[in-house]
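**Student:** Model the following, please.
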Amino acid sequence: MSAPVVTVREVEQLVQALQAERKEDEGWATADVLAMEIYGKNTETKKRRVRAAANSAGDGVVSYPGSPGYKLWRRCSVDELHACLASYNAQTLEMRRRRDLYRMRLHRENPASFREPVEIRPSTEQLALL
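**Tutor:** Model (predicted):
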């Protein structure tokens, strides 16, 4: 299932919602809360739209694996930004590890064959020119 296409207006609404003062969760807002604030309901479809809007906001909205939700970049502490980068680095390393496991098994169970087709084999005359 692909991510929904969001409008510029939805990204603006997300940024406005994240600009609101939040005492709880140190300024972080979950997709549940943001969907309720922006769309008036927090269905899975609306939460997917929040995630897509955050993705469309680029580096202006921070969220990462294990984060407490979404937060504007300018409201994040340096420690939160370091945690963000460390989380993505750990996830990337894990994904590469799994990719390499699958690649090794693929090649182990399906070894390459290097039999060249007869039709592309050079003729004796062509070899003599080398």
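**Student:** How far off centre is the longest helix belonging to the chain?
**Tutor:** When the chain is parsed with DSSP state H, its longest helix is helix 78-109. Relative to the chain's own centre, helix 78-109 is displaced by 12 Å; criterion: CA atoms, centre = their mean, to the nearest Å.
**Student:** go on, stretch 40-60?
**Tutor:** Counting by CA atoms, centre = their mean, stretch 40-60 comes out at 14 Å from the chain centroid.
**Student:** List the buried residues of that stretch.
**Tutor:** 42, 46-54, 56-57 (16 or more other CB atoms under 10 Å). For every residue, glycine as well, the C-beta is placed using N, CA and C.
**Student:** Please name the nearest non-neighbouring residue to the residue nearest the centre of the chain.
**Tutor:** Nearest to the geometric centre of the chain sits residue 55, at 8.4 Å (CA atoms, centre = their mean). The shortest distance from residue 55 to any non-neighbouring residue, by CB to CB, 6 or more residues apart in numbering, is to residue 3 (6.8 Å).
**Student:** Please flag which of the buried residues of stretch 40-60 sit within helices.
**Tutor:** 46-54, 56.
**Student:** Nearest to residue 78 among the residues you listed?
**Tutor:** Using CB to CB, residue 54 is the member of these that lies nearest residue 78, at 20.7 Å.
**Student:** what sits against the closest one?
**Tutor:** Counting by CB atoms under 8 Å, 6 or more residues apart in numbering, residue 54 touches 14, 61, 63, 70.
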